[in-house]
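J.: from the sequence below, what's the structure:
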Amino acid sequence: MSTSHASSDPAQPRPILSLRGVNRRFTGVTALDDVYLDIHEGEFVAIVGPSGSGKSTLLNVLGLLDTPTHGTYLIDGVDVEGLNERRRADRRAGIFGFVFQESHMVGRDAAARNAVLGLRARGIAFAVQKQLVLPSLARFGLERRAATPAALLSGGERQRLAIARAVMGAPRVVLADEPTGSLDTANGELVIHHLRELSESGTTVVMVTHDPDIAAAAGRIITMRDGAIVQDTGDSKGRFGTPPATAAGSAGNEHTFVRRRRHEAVDVVADALSALTVRPAKALLLIMAFLLGSGGLVTAIGLSESASVKVSARIDAAASDEVRVTREAGYASWEAVSTDLQASRRLYGVHDAGVIAELSSSVVQPSTFRPGSFPDPPGFTGAVRIVDSGYLRLQGATVSYGDAALLDQSFGGPVAVLGQDAAQRFGIAKPGAGVVVWLYGQPVPVVGIVDNPGRDPVLPSAVLVGVGSYPLTNNVAASLVFRTTPGMPAAIAEALPKALSPSEPGNVKVQTVADLRELKQGINSDLGRLVAIVSVVLLAMACLSAGTTMYLGVLARSSEIALRLALGMRRGVLASMFLTEGAAVGALGGAAGAAAGMGSVLAYASSEGWAAMIPWYASMWGMGAGLVSGTLSAVYPAILAMRSNPAHLIRA
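T.: Prediction:
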């Protein structure tokens, strides 16, 4: 049994890779046990041994994919233990090329794009990639397959492509883990032929294999068992042979392979978009999630603004020429109401006046049918009001199939006028002989239908009865409504209490412009809160669904993540790729949602007869919310990808 230790011969050149007492332990398992090994420039080394002997773990440690538990690892005499993750990635990208048993291709990408993946991971300029890719593919007989997706290549073609990718950046060391394990004999011999050519050109090749015939092609064979080197044939060349300057990674080319942040950024965006376009169903689902969130936000903003404008217009219209008056104790009789109306009409600036009083629909119980006809008749949810013709007139409401003046004369009994919605609910098309609605358990003739509610939005669903239809047994909280000269409400409001109750003006309550503006402000505030709540819920749901989908995407792309890290991509750049995917999906969903939201507002406003009001910032909010929530949904998947252990993923 022999173990490879460093020679003390000063005539020997410094080894490119050197392990000193290296151990690698996992939970309950020792994968490497006190390994000493020197590998010199230009050697072709085969590592053999039974399964579980530590061959792949040794290769992962050599390639900086794994870290020793104990011991020292030197590359060109520099201890790698002191290197942070960023510098390890740079060292891995600059020195090593990897060939794995399963080739680990990005199946959606063409062969040419896979070949330059190592250069892209290192932030090498596109011009350099384009200059090198076709000659490299031609070297391995793949120039005609450059545009073919890697998923459509044969096993032998993919493995040759893996070698082309490994040597694209002129690495000094190629690490091959069972490169022929999944190939037939002919393709396996072809792969070994290419590896031998690399060694002869000055590249150091370290190959793991379980096949003695494949290992025989190497100049040096290292046998492992139970994590230890038990035999080493030594090297047949390279220890005093090819100097570093003549190897494949010669110094003359080093200036070509310079990592640039801008090139990394360009490739990150390109890879993110490629992942989305190749998986259109997944991308569409994510976009739909953010479309719903941002679309709901824009719709809520637009509808609340449109509703606010509509409400404000009605309030402003009423505020400019309308005053309402009530008595604190109410009215004991309709004659008292009439007296106040007459006194009010004499004030300068009052053009018209009317009366309105609200009744409880649960007490009145409006119905089409005689009480008791059905065991559980449906309840009426509209308003029941006592009004006169003056109220309808000053609101601008009109009555069809009848005369509003009938509300002022009960003719010995009550009469009713129905709003259009109420009439439809009661199944009444128009007034006529025998057409009644039951109120207080008694039939009341229907003498008209409101076809235009004017400024009062409650009238379409209301049942209106005339003043004096029912005798008063208790004081009624009736309101007097006045239409004034524009600009006069404030002056009239000051005069009304004294005009109606000179001795006790404090008993008269007047609702004026200030009260209505306060009401308007309250409505706008309530709508704003509603917008915020709906938007937060929708966007939270979008983030959750998108984050879950992207998390599953990270798990499905573990092989690709391991490959990118092995080829030298920095972890922060890898994380930014997933963040870019999330941001792109969120931005697309946000833009689509903004358009859909504005369309929804326009459609609904048109159906309601509103003037659609969509603030200029609504679309910006929608797109911004999509972008931000998309990026946030990718944070955890990005962290998961960034923290991945490439050695573990490759073993899996």
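J.: which residues pair with the residue lying closest to R345 once chain neighbours are set aside across the strands?
T.: Excluding the flanking residues, the one nearest R345 by C-beta to C-beta, 6 or more residues apart in numbering is A353, at 5.5 Å. C-beta: built from backbone N, CA, C; applies to glycine. For A353, the beta-bridge partners under DSSP bridges are F482.
J.: so how many other residues sit close to A353?
T.: Number of residues near A353 (other C-beta atoms under 10 Å) recorded here: 24.
J.: how close does V230 get to R24?
T.: Distance, V230 to R24, using C-beta to C-beta, to the nearest Å: 17 Å.
J.: more crowded one of these two?
T.: Between V230 and R24, counting by other C-beta under 10 Å, R24 is the more crowded of the two (23 against 14).
J.: where does that one land in three-state SS?
T.: What DSSP: H, G, I helix; E, B strand; the rest coil gives for R24 is strand.
J.: 167 is where my numbering starts, stick with that
T.: Got it, the first residue is 167 from now on, which makes the last one we talked about R190.
J.: tell me who's in contact with it.
T.: For R190, the contact set (C-beta atoms under 8 Å, 6 or more residues apart in numbering) comprises T196, A197, L198, G220, T223, V227, D232, P234, T235, G393.
J.: so V188 is in contact with V201, correct?
T.: Yes. Between V188 and V201 there is a contact under C-beta atoms under 8 Å: 4.5 Å.
J.: what residues are shared contacts of these two?
T.: Taking C-beta under 8 Å, 6+ apart as the criterion, V188 and V201 both touch G237.
J.: show me where pLDDT drops low in this structure?
T.: Where the chain drops to pLDDT under 70, the residues are 167-178, 401-425, 444, 476-486, 576-578, 653, 678-698, 813, 815-818.
J.: hmm, 50 instead?
T.: Scanning the chain for pLDDT under 50 picks out the ranges 167-174, 402-421, 680, 683.
J.: what domains does the record give for it?
T.: Domain assignment for the chain by automatic domain parsing gives 183-425, 443-475+686-817, 497-643.
J.: distance to V491 for these - can I get that in CSV?
T.: Below are the domains of the chain laid out as CSV (distance: least, C-beta to C-beta, whole Å):
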stretch, distance to V491
domain 183-425, 76
domain 443-475+686-817, 20
domain 497-643, 7
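J.: which of those sits closest to E670?
T.: domain 497-643 (13.5 Å; C-beta to C-beta).
J.: could you turn the buried ones of the contacts of R190 into a ChimeraX selection?
T.: Filtering the contacts of R190 down to the buried ones (16 or more other C-beta atoms under 10 Å) takes a single ChimeraX command:
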select :196,197,198,220,223,227,232,234,393
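J.: tally of neighbours for the residue nearest to M654 when sequence neighbours are not counted?
T.: Nearest residue to M654 in three dimensions, chain neighbours excluded: G515, at 3.9 Å (C-beta to C-beta, 6+ apart). G515 is flanked by 17 other residues according to other C-beta under 10 Å.
J.: pretty sure Q397 sits in a strand.
T.: Yes. Q397: assigned to a strand according to three-state DSSP.
J.: so how far is A431 from A255?
T.: Per C-beta to C-beta, A255 is found 16 Å from A431.
J.: cool, and V244?
T.: Distance from V244 to A431, counting by C-beta to C-beta: 29 Å.
J.: closest to I699 out of the contacts of R190?
T.: D232 (49.9 Å).
J.: my read: the closest one touches T223, true?
T.: Yes. At 6.6 Å, D232 counts as touching T223 under the criterion of C-beta under 8 Å.
J.: hmm, who's touching stretch 739-753?
T.: 287, 289, 430-431, 434-435, 437-439, 441-442, 449, 452-453, 456, 712, 716, 720, 727, 730-731, 789, 792-801, 803-805, 807-808.
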